[in-house]
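Engineer: Next input, structure requested:
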Amino acid sequence: MLPIRCAPYYRVSHKDELRGISIDVQRETVERMAASLGWVLVEPYIDDGKSAFTENVAKRPAFQRLLADAKQRRFEIVLVYKYDRFARKMRLYLQCIHDLEQCGVEVRSATESNDWLSVAVNGVIAEQYSRMLSARMKDVRLWEAKQGWLVGPAPVGYERRGRDLVETRQADALRLAFELFCTGDYGAGRITRAMNEAGYRMPDGSLFKVTAVQEMLINPVYAGFVTCAGQVFPGSHEPIIDLAIWERAQEMVKARSFRRPQPHAPKEPLLSGLAMCPYCGAPMWHNASGSRRYYRCSACLTQRGSPIPDLVCLNIHAQAEPVEQITVALLAGLALTPALLEQAEQLAQETPTRPAEPNAKEVQARLDRLGEAYADGVVSKAAYERKRDELRTLLARSAATPAPKAVGVETLVPLLKDLPTLLMQATNAERRAVVRELVTHVYVQRSVVMALRPTKIAAALFEAAANDHRDEWLKRVFWWAGWELDTLPLHFNPCLDELFLVA
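Structural biologist: Purely as a prediction, here's the structure:
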């Protein structure tokens, strides 16, 4: 009979955790229990300085690895010092225990009863204790602020020395920023350039950024105040900015906030070159009107008629923000559904790498070489004209809609795993390039995405999402978009290679 493999999980919320539940104390107790039961310990999973009062598992990398390894059946038991080391959020606590049980993995405590009633009660106690501790810490932070002590990290221009705040060399940069701003001739952008040109740098040596300067101009710490829970108190530190200058700056900030910014369309709309009319099949062009953005049917705008003979298109426009949000949510749902990631791994192993299409510069170079070959008599006239027409067509297509850098099937899995981060943090142009790797057309109307035409790389994933993992995929889509979960009619037409989502 094979020995039972046991995975120890240790966690402390802070580096200065109480001696009674430090990592060393947890390790000694867990190892003693495992040895008494004859369990074989695998490599421990340790989250040092990680709070469990969060539902974001990504903030606890060891815990995240533990859940992933459990699915690979690398152990049969997860052993913790106490159940509150596992999770302090009741919903996450029970959900993770349930998920591990589905994988054939049991969670046990080295110091508490392990019957199901005790497990459930311990989960309730763990969350209640964390809520009480959180409320207690809020009172402590408020008391500290009333004493004039800064709550939170020290802003640029100060550094902590015990309870005191001491000026750093960036303090002169702050004085320059407020001086320029109070003239009324400088905005945050010009102030940032002036600070960088004067040789001032952030504490890490990097240049000042506009967003950082904007926050500095409204931070009351520089005027000698501290804040906590929305309340302002006199600080015990020396101010960098004189109170009169500070008040003048805040008046100007308030006055500038009433200026309505001019609406502008992004240089790279997310669905530019992808949005299509679901009625007539014509491309939809991005357009801004006032503060709103739309995708309008090109057949309606040009009055040239639709691509379908004798069809009068009535699809006037689609609202840009909703259809872009829906498209991003549909793609993010692929990356957040574990079964679809497994499908992508299988697809990457079975499909050969596709070559990248040549860009306009490469096509033009081939045209030039073809012309030289024809002039030298190497190529016949008929072959020259045929090849020339092919290259001109390719050149026109690549110049009209420049293709992003080609992503082969072998990079599909890394792309999907990084997709949520890319969709949240990348620029609009970068997001557009990522979207174009997964879909070729997005059929939109009003505020609804009527259909998606996936690329060859993503077609199998969309088919699996529609047919085999529909409920799980839609649940992830709705969670990403922040919608209430509801049922939507959904079907997949493999002949047309399209996925329809009907509102």
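
Engineer: For the rest of this, base every contact and every neighbour count on C-alpha atoms.
Structural biologist: Fine.

Engineer: okay, and for the stretch 151-300 of the chain, where does confidence drop off?
Structural biologist: For the stretch 151-300 of the chain, residues meeting the criterion pLDDT under 70 lie at 256-268.

Engineer: try 90
Structural biologist: For the stretch 151-300 of the chain, the stretches flagged by pLDDT under 90 are 151-153, 161-163, 183-190, 204, 210-212, 214, 228-230, 251-300.

Engineer: How many residues are close by the nearest residue to residue 202 once chain neighbours are set aside?
Structural biologist: Nearest residue to residue 202, sequence neighbours excluded (Cα to Cα, 6 or more residues apart in numbering): residue 208, at 6.0 Å. Residue 208 is flanked by 19 other residues according to other Cα atoms under 10 Å.

Engineer: The one 4 residues further on too?
Structural biologist: Applying other Cα under 10 Å, we find 13 other residues in the vicinity of residue 212.

Engineer: Now do whatever helix or strand it lives in: everything it contacts.
Structural biologist: Taking DSSP states H and E as the definition, residue 212 sits inside helix 210-216. The contact list for helix 210-216 (Cα atoms under 8 Å, 6 or more residues apart in numbering) reads 174, 177, 188-189, 191-192.

Engineer: want to try CSV for those, with distance to residue 89 as columns?
Structural biologist: CSV is the format used below for these (distance: Cα to Cα, whole Å):
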residue, distance to residue 89
174, 42
177, 44
188, 42
189, 43
191, 45
192, 43
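
Engineer: ok, which pair from these is furthest apart?
Structural biologist: Within the contacts of helix 210-216, 174 and 189 form the most distant pair, 14.5 Å apart (Cα to Cα).

Engineer: So for these two, which sits in the more crowded spot?
Structural biologist: Neighbour comparison, residue 174 and residue 189: the larger count goes to residue 174, with 20 against 13 (by other Cα under 10 Å).

Engineer: Any idea which helix or strand in this structure has the lowest mean pLDDT?
Structural biologist: Within the chain, no helix or strand scores below strand 490-493, which has a mean of 38 by mean pLDDT, DSSP states H and E.

Engineer: And the next helix or strand past the longest helix belonging to the chain?
Structural biologist: The longest helix of the chain (DSSP state H) is helix 116-146. Using DSSP H and E, the helix or strand that directly follows helix 116-146 along the chain is strand 158-161.

Engineer: Quick one: residues in contact with that following strand.
Structural biologist: Strand 158-161 is touched from outside by 154, 165-168, 170-171, with contacts defined as Cα under 8 Å, 6+ apart.

Engineer: cool, stretch 238-247 as well?
Structural biologist: Contacts for stretch 238-247 (Cα under 8 Å, 6+ apart): 165-167, 171, 174-175, 178-179, 182, 221-225.

Engineer: Give me the subset of these that lies in strands.
Structural biologist: 165-167, 225 (DSSP state E).

Engineer: Which of those sits closest to residue 63?
Structural biologist: Closest approach between the ones in strands among the contacts of stretch 238-247 and residue 63, by Cα to Cα: residue 165, at 36.5 Å.

Engineer: now that closest one: how far from residue 157?
Structural biologist: Counting by Cα to Cα, to the nearest Å, the gap from residue 165 to residue 157 is 9 Å.

Engineer: what secondary structure does residue 286 sit in?
Structural biologist: Counting by DSSP: H, G, I helix; E, B strand; the rest coil, the backbone at residue 286 sits in strand.

Engineer: scratch that, residue 278
Structural biologist: Residue 278 ends up coil, using three-state DSSP.
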